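Peer 1: Model the structure of this input:
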Amino acid sequence: MNNNTQTLPLLFFLLFLFLSFNHIHSWKKEEFRTCHQTPFCNRARSRTSSTSTPLIAADVTISDGNLIAKLIPKAKQEETQPNTNTNTNPLLLSLSVHQNGVVRLTIDEDPSLSPPKSRFQVPDVVVSEFHNTKLWLQRLTQETLDGDDSPSSVVYVSDGFDAVLRHDPFEVFVRDKSNGNTRVVSLNSNGLFDFEQLKVKGEGDDWEESFRSHRDKRPYGPQSISFDVTFHDADFVYGIPEHATSLALKPTKGPGVEESEPYRLFNLDVFEYIHDSPFGLYGSVPFMLSHGKARGSSGFFWLNAAEMQIDVLGSGWDAENGISKLPKNRVDTLWMSEAGVVDAFFFVGPTPKDVVKQYTSVTGMPAMPQLFSIAYHQCRWNYRDEEDVEHVDSKFDEFDIPYDVLWLDIEHTDGKKYFTWDNVLFPNPAEMQRKIAAKGRRMVTIVDPHIKRDESFPLHKEASEKGYYVKDSSGNDYDGWCWPGSSSYLDMLSPEIRSWWGDKFSYQNYVGSTPSLYIWNDMNEPSVFNGPEVTMPRDALHVGGVEHREVHNAYGYYFHMATSEGLVKRGDGKDRPFVLSRALFAGTQRYGAIWTGDNTAEWEHLRVSVPMVLTLGLTGVSFSGADVGGFFGNPEPELLVRWYQLGAFYPFFRAHAHHDTKRREPWLFGERNTELIRDAIHVRYALLPYYYTLFREANTTGVPVMRPLWMEFPSEETTFSNDEAFMIGDSLLVQGIYTERAKQASVYLPGKEAWYDFRTGNVYKGGVTHKLGVTEESIPVFMRAGTILTRKDRFRRSSTQMTNDPYTLVIALNSSQEAEGQLYIDDGSSFNFLQGAYIHRRFIFKDGKLTSLDLAPASSSNARYPVNNVIERIILLGHAFGSKNALVEPSNQKVDIELAPFWVQRKNSPAVMTIRKPNVRVADDWTIKIL
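Peer 2: Residues are numbered from 1 along each chain as shown. Okay, the predicted model is just below:
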């Protein structure tokens, strides 16, 4: 064998180490394209209304319950024959109306004109139930709008709303009839619509694009789509995750706006991402909400999985000169995508919660998580071996810190081959899991989408033989580099392949797994270390000849879907899955949790985690959080404590760290810091009943667990751009501390009613910004007057061990001496709640009497979830102390009222008015009247 042959494998190995080292230790901006380096974005951004081809709507009619039309270039209006030599063939438009104020608009090429291929329409995102909400249009009316020479077509949407197709020039908008026919959301109001049609490559055509050393063949030529969307009567817009930036989206173009990139939606593996940037991260949800004081909220969603760039246009912008006399309280945006079709949804609102409900009626409600998964998770890359796992688990008990899930990263596998275990480090994985499970705890292992190309690896061999991998542009299995080295990627666009993948999670296939083991999907953007922009080439091929450029942003979504459905199959449909994913797309909320990726142990990353998680919640993904402490770097103790104090309120609460960081389990920072971290985690466990109730609300309505202030106080302008504070449900307001050695914090408490300090019960006036002293003990948290929340105050090792514990009700009375709240309970793990096996109570305090009402629909008695938990304490905030007794009905029993600690297991907790040991069953109807 010659020397060159011998050294070739070594060179590949050294190259892989170099790529991996750079991937792990730095993020280089030059590795990723800017808009200027992205031809479709550059073209779209440079267009004006005068350089765009104006379109008119022709042949408008009703067919199959839809409004349909052809879009024709205005200059070609008189032509009757299709134009086969230019990019101006008629486009087909279809507009449908659905219940609850949703309008769907599709625009595509005409298949009867034989385009080179069908343009990709994203499957398996719109839920089947949505199709049943269609309102079959029977007729349209003609109306000539002010200033127009030709009529427009108008169809009914819902009481008070119409959808209008303006014929000349082409425009689509929804209007509010109850408010003088004012527009709500409109498309192409600025005349920037452009649709590049597919072509057959001719002699001399050179459509290839290059970036750095990578070439993209682009076999069908430019195929981008762009258009403007206007949100009327809006002050701010929000949404379109995932970006490490403010909640209210900042303008990216227009007068007075510094040169900026558009908000990019292109799923990428970005290590050490920078904060306050429009740069695209791990996920893409092309859904935007607007909000303003004048009208309320509206929304727009473009179902498209290709790369997208979105400009938010600054005040005073117009489509031509950059100077405008446009109406105030209007936000214009420009949406640009590399490929796909127009499949857009307009949401009329008018409240923020209405818009979120309308969006999730299209893409699905968030899954109901298992109870353990909303408790605390302990993770690190990597816990070394079984001894390390046992040590960490025992230390939590030694320091009296509860946790529910211990995680294993990639090093637990045999050579980065997923569904395997390192036989030296983890020789007895099932026994290890059983020991953890004996304390009511679970484990999670990582399973990434890159499959090691090793002929001795059965998973790779089977996938290769079945042809289940994504292909390169030449039709061969795509071969890229990731953690295992040479890797291929399963084609998750295929339902057949997704089903096959799901079967791999059976106990028989995943040897060493047990029912207490759940799954983490990382690197599923997909991440390819040697690929263009650290991902898969755009001209790679999926099933049906779909180019990767068309499906890229949904790849991780399909992988998440397949894994989640695999866990359901593993449990014979009885066990709710838990799968954490890094990549996300519209509809991700149906399959599990998301985290914000590889953040850094810096105060700025703690700060930006709040708008990032809030934005995910607004776009349907309620179950999300950031790595507590920061993934990269070594947090100072103060930062770590503050992160735990804030992170305890994230919907998904997990600490995680890079393998190059120092160990940072909660007991490693000195006795005082351990005490503070323990207290923060205890707060989360005390609030688990409240959180679980909120997750059920999200599961049935789409309304997120963690909410921006303006969702609860939609008319208060002070809240519209506030993303340092947030609501948990409608009851708790949380204000983070984002600077070191902070001694004061300014906290705006919205509304006219009072707020109660979450730790002391002290009362604060609403509608005022309070300057508060801050200590290391906690961050500012307040309970809203007029609400009731439920707690469990006994500290256990895990949430499972709290199952039979009694409840505490905290009643925060408003100025009318009234309050109300809810409690939802089920078995915390199965799907039996779908058959009515749950408890849902409403608590109302009014006229000195607390009443428990049943909110669950009537069902057979044996379907209800049987619980014997009682309420052992009822705390009354804002009630004058004087009464000594209360009467419980129907038992006709008197119970004592006394001053007792607000938090029983906390030192020096203030005394508050407490009804002690009423011992009423939480599942029963009863009243308690203060005497």
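
Peer 1: hey, let's count contacts and neighbours off CA atoms from now on
Peer 2: Fine.

Peer 1: How far away from the center of its chain is the strand or helix carrying Asn699?
Peer 2: Element membership of Asn699 [criterion: DSSP states H and E] is helix 688-701. Distance, stretch centre to chain centre, for helix 688-701: 16 Å (Cα atoms, centre = their mean, to the nearest Å).

Peer 1: What is that helix packed up against?
Peer 2: strand 787-791, strand 819-825 (3 or more Cα pairs under 8 Å, 6 or more residues apart in numbering; DSSP states H and E).

Peer 1: Buried deepest among those strands, which one?
Peer 2: Highest mean neighbour count of the helices and strands packed on helix 688-701: strand 787-791, a mean of 24 (counted as mean count of other Cα atoms under 10 Å).

Peer 1: now for that one, which elements pack on it?
Peer 2: So strand 787-791, by 3+ Cα pairs under 8 Å, 6+ apart, packs with helix 688-701, strand 807-812, strand 819-825.

Peer 1: Could you export those as TSV, including distance to Ala900?
Peer 2: As requested, the helices and strands packed on strand 787-791 are exported to TSV (distance: least, Cα to Cα, whole Å):
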stretch	distance to Ala900
helix 688-701	22
strand 807-812	13
strand 819-825	21
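
Peer 1: got the ones you listed as CSV, with mean pLDDT columns?
Peer 2: Below are these laid out as CSV (pLDDT from 0 to 100):
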stretch, mean pLDDT
helix 688-701, 98
strand 807-812, 98
strand 819-825, 98
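
Peer 1: so which of the ones you listed gets nearest Glu496?
Peer 2: helix 688-701 (28.0 Å; Cα to Cα).

Peer 1: Helix or strand next in line after the closest one, which one?
Peer 2: strand 706-707.

Peer 1: what does the following helix or strand past that next one contact?
Peer 2: For strand 706-707, the following helix or strand on the C-terminal side (DSSP H and E) is helix 709-712. Helix 709-712 has contacts (Cα atoms under 8 Å, 6 or more residues apart in numbering) with Pro352, Lys353, Glu716, Glu717, Thr719, Phe720, Asn722, Ala725, Phe726, Met727, Asp730, Pro750.

Peer 1: Please pick the buried ones from these.
Peer 2: Pro352, Lys353, Glu716, Thr719, Phe720, Asn722, Ala725, Phe726, Met727, Asp730, Pro750 (16 or more other Cα atoms under 10 Å).

Peer 1: The residues you listed in strands, which ones?
Peer 2: Ala725, Phe726, Met727 (DSSP state E).

Peer 1: ok, the last one touching Pro708?
Peer 2: Yes: using Cα atoms under 8 Å, Met727 is in contact with Pro708, at 6.1 Å.

Peer 1: Need the helices and strands packed on helix 688-701 in JSON lines (columns: distance to Asp318).
Peer 2: Formatted as JSON lines, the helices and strands packed on helix 688-701 follow (distance: least, Cα to Cα, whole Å):
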{"stretch": "strand 787-791", "distance to Asp318": "46"}
{"stretch": "strand 819-825", "distance to Asp318": "47"}
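
Peer 1: Show me what counts as buried in the strand or helix carrying Arg841.
Peer 2: Per DSSP H and E, Arg841 falls inside strand 839-846. Residues of strand 839-846 classed as buried: Ile839, His840, Arg841, Arg842, Phe843, Ile844, Phe845 (neighbour count, 16+ other Cα under 10 Å).

Peer 1: farthest pair in those?
Peer 2: The span of those, defined through Cα to Cα, is set by Ile839 and Phe845 at 19.5 Å.

Peer 1: Where does pLDDT dip in the stretch 1-150 of the chain?
Peer 2: Applying pLDDT under 70 to the stretch 1-150 of the chain picks out residues 1-27, 76-87.

Peer 1: those helices in it, which residues are they?
Peer 2: Here the stretch 1-150 of the chain has its helices, by DSSP state H, counting those that start in this stretch, at 3-25, 39-46, 128-131.

Peer 1: sorry, back to before: from the buried ones among the contacts of helix 709-712, which land in helices?
Peer 2: For the buried ones among the contacts of helix 709-712, membership in helices holds for Pro352, Lys353, with DSSP state H as the criterion.

Peer 1: for the buried ones among the contacts of helix 709-712, which one is nearest Gly316?
Peer 2: Looking across these and measuring by Cα to Cα, the closest to Gly316 is Phe720, at 20.4 Å.

Peer 1: is it true that the closest one touches Phe236?
Peer 2: Yes: Phe720 is in contact with Phe236 according to Cα under 8 Å; the separation is 7.4 Å.

Peer 1: where do the contact lists of the two overlap?
Peer 2: Residues touching both Phe720 and Phe236 (Cα under 8 Å, 6+ apart) are Ala248, His291.

Peer 1: any idea which residue sits dead centre in the chain?
Peer 2: Centroid check for the chain by Cα atoms, centre = their mean gives Val621 as the closest residue, at 2.7 Å.

Peer 1: Skipping its backbone neighbours, what lies nearest that one in space?
Peer 2: Nearest residue to Val621 in three dimensions, chain neighbours excluded: Gln589, at 4.8 Å (Cα to Cα, 6 or more residues apart in numbering).

Peer 1: pretty sure the one you found is in a strand, no?
Peer 2: No: Gln589 is assigned helix when assessed by DSSP: H, G, I helix; E, B strand; the rest coil, not a strand.

Peer 1: Report the contact partners of it.
Peer 2: Gly364, Met365, Pro366, Ala367, Gly620, Val621, Ser622, Phe623.

Peer 1: could I get the residues you listed as CSV with secondary structure and distance to Val270?
Peer 2: Shown next, in CSV, are the contacts of Gln589 (DSSP: H, G, I helix; E, B strand; the rest coil; distance: Cα to Cα, whole Å):
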residue, secondary structure, distance to Val270
Gly364, coil, 28
Met365, coil, 28
Pro366, coil, 26
Ala367, coil, 27
Gly620, coil, 23
Val621, coil, 20
Ser622, coil, 22
Phe623, coil, 21
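
Peer 1: ok, the residues you listed vs Ala648, which is closest?
Peer 2: Distances from Ala648 to the contacts of Gln589, taken by Cα to Cα, are shortest for Phe623, at 13.4 Å.

Peer 1: if we can go back for a sec, wait, which of the helices and strands packed on helix 688-701 is closest to Lys917?
Peer 2: strand 787-791 (14.7 Å).

Peer 1: what inclination does the closest one have with respect to helix 688-701?
Peer 2: Relative orientation of strand 787-791 versus helix 688-701 (axes from the mean of the first three to the mean of the last three Cα atoms, to 10 degrees): 120 degrees.

Peer 1: so how far is strand 787-791 from its chain's centroid?
Peer 2: For strand 787-791, the distance from its own C-alpha centre to the chain's C-alpha centre is 26 Å (Cα atoms, centre = their mean).

Peer 1: So what touches that strand?
Peer 2: By Cα under 8 Å, 6+ apart, the surrounding residues in contact with strand 787-791 are 686-690, 730-731, 807-813, 819-823, 843.

Peer 1: same thing but 10 Å
Peer 2: The contact list for strand 787-791, computed with Cα atoms under 10 Å, 6 or more residues apart in numbering, reads 683-691, 693, 729-732, 783, 806-814, 818-824, 842-845, 871, 873-876.

Peer 1: re the thing from before, now the contacts of helix 709-712 in CSV, please, with extra columns for pLDDT.
Peer 2: Shown next, in CSV, are the contacts of helix 709-712 (pLDDT from 0 to 100):
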residue, pLDDT
Pro352, 98
Lys353, 98
Glu716, 97
Glu717, 97
Thr719, 98
Phe720, 98
Asn722, 97
Ala725, 98
Phe726, 98
Met727, 98
Asp730, 98
Pro750, 98
